[in-house]
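**Q** can you look at this prediction? I've put the sequence above it.
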Amino acid sequence: MSYFTWKETGLTSDCASLEAMASRFEESAKLMRKMAQQGFRLKKRKNIQLISHPDPKIFKSWGFINEEPPVRQLTLISEAEIDKSNYTLESS
(Lines give C-alpha, C1' and ligand atoms only; values in the text may rest on other atoms or scores of the structure.)
Protein backbone atom coordinates (compact mmCIF):
# COMPACT_ATOMS: atom_id res chain seq x y z
CA MET A 1 0.00 0.00 0.00
CA SER A 2 1.40 3.41 -0.96
CA TYR A 3 2.16 5.83 1.84
CA PHE A 4 4.15 8.88 2.84
CA THR A 5 5.24 10.07 6.26
CA TRP A 6 3.42 12.99 7.87
CA LYS A 7 5.84 15.19 9.78
CA GLU A 8 4.56 18.56 10.88
CA THR A 9 7.59 20.71 11.68
CA GLY A 10 6.48 24.25 11.24
CA LEU A 11 3.01 24.60 9.78
CA THR A 12 2.66 27.98 11.44
CA SER A 13 6.27 29.01 12.06
CA ASP A 14 6.08 31.74 9.38
CA CYS A 15 2.73 33.18 10.52
CA ALA A 16 2.72 36.74 11.87
CA SER A 17 -0.63 36.67 13.68
CA LEU A 18 -3.14 34.40 15.36
CA GLU A 19 -5.49 34.98 12.42
CA ALA A 20 -2.80 33.78 10.01
CA MET A 21 -2.20 30.72 12.18
CA ALA A 22 -5.93 29.93 12.25
CA SER A 23 -6.15 30.31 8.48
CA ARG A 24 -3.23 27.94 7.97
CA PHE A 25 -4.83 25.30 10.25
CA GLU A 26 -8.16 25.70 8.43
CA GLU A 27 -6.50 25.20 5.02
CA SER A 28 -4.74 22.09 6.30
CA ALA A 29 -7.94 20.71 7.84
CA LYS A 30 -9.82 21.25 4.56
CA LEU A 31 -7.14 19.34 2.64
CA MET A 32 -7.10 16.50 5.17
CA ARG A 33 -10.90 16.19 5.07
CA LYS A 34 -10.81 16.02 1.26
CA MET A 35 -8.13 13.32 1.45
CA ALA A 36 -10.24 11.34 3.94
CA GLN A 37 -13.29 11.60 1.65
CA GLN A 38 -11.22 10.21 -1.22
CA GLY A 39 -10.09 7.17 0.79
CA PHE A 40 -6.79 8.23 2.35
CA ARG A 41 -6.19 6.84 5.84
CA LEU A 42 -3.87 7.68 8.71
CA LYS A 43 -1.88 4.78 10.13
CA LYS A 44 0.72 4.69 12.86
CA ARG A 45 3.78 2.49 12.57
CA LYS A 46 6.33 2.68 15.39
CA ASN A 47 5.04 6.12 16.48
CA ILE A 48 5.36 7.47 12.93
CA GLN A 49 2.23 8.76 11.20
CA LEU A 50 1.73 7.46 7.66
CA ILE A 51 -0.89 8.64 5.22
CA SER A 52 -1.85 5.83 2.87
CA HIS A 53 -4.31 4.90 0.16
CA PRO A 54 -5.12 1.36 -1.00
CA ASP A 55 -5.23 2.43 -4.67
CA PRO A 56 -1.76 3.40 -5.96
CA LYS A 57 -3.29 5.27 -8.93
CA ILE A 58 -5.25 7.61 -6.66
CA PHE A 59 -2.22 8.05 -4.40
CA LYS A 60 -0.07 8.99 -7.39
CA SER A 61 -2.73 11.27 -8.89
CA TRP A 62 -2.39 13.53 -5.84
CA GLY A 63 1.31 13.91 -6.57
CA PHE A 64 2.57 12.23 -3.41
CA ILE A 65 5.90 10.45 -3.40
CA ASN A 66 5.57 6.83 -2.32
CA GLU A 67 7.94 6.12 0.58
CA GLU A 68 7.18 2.41 0.60
CA PRO A 69 10.32 0.27 0.14
CA PRO A 70 10.99 -0.41 -3.58
CA VAL A 71 10.44 -4.15 -3.22
CA ARG A 72 6.89 -3.42 -1.92
CA GLN A 73 6.17 -1.08 -4.87
CA LEU A 74 6.76 -3.71 -7.53
CA THR A 75 3.79 -5.31 -9.25
CA LEU A 76 4.16 -8.87 -10.42
CA ILE A 77 2.70 -9.47 -13.88
CA SER A 78 1.93 -13.11 -14.47
CA GLU A 79 2.51 -14.94 -17.77
CA ALA A 80 -1.27 -15.30 -18.16
CA GLU A 81 -1.73 -11.53 -17.90
CA ILE A 82 1.00 -10.99 -20.49
CA ASP A 83 -0.64 -13.50 -22.85
CA LYS A 84 -4.05 -11.78 -22.47
CA SER A 85 -2.68 -8.34 -23.26
CA ASN A 86 -0.56 -6.84 -25.95
CA TYR A 87 2.60 -6.78 -23.82
CA THR A 88 5.71 -7.69 -25.69
CA LEU A 89 8.92 -8.51 -23.91
CA GLU A 90 11.95 -7.48 -25.87
CA SER A 91 15.42 -8.74 -25.22
CA SER A 92 18.51 -6.59 -25.65
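**A** It's in.

**Q** can you give me the buried ones in the longest helix anywhere in the chain?
**A** Under DSSP state H, the helix in the chain containing the largest number of residues is helix 18-37. Across helix 18-37, burial judged by 16 or more other Cβ atoms under 10 Å covers Met35. In this view, the C-beta of every residue, glycine as well, is placed from N, C-alpha and C.

**Q** what is the mean pLDDT for that helix?
**A** Regarding helix 18-37, the rounded mean pLDDT is 92.

**Q** can you give the contact residues for that helix?
**A** Identification of contacts with helix 18-37 by Cβ atoms under 8 Å, 6 or more residues apart in numbering yields 11-12, 15, 51, 62.

**Q** swap in 10 Å and give it another go.
**A** Residues outside helix 18-37 that contact it (Cβ atoms under 10 Å, 6 or more residues apart in numbering) are 6, 8, 11-15, 17, 40-42, 51, 53, 58, 62, 64.

**Q** neighbour-wise, which one of those residues leads?
**A** His53 (22 neighbours; other Cβ atoms under 10 Å).

**Q** what does the pLDDT read for it?
**A** On pLDDT, His53 comes in at 90.
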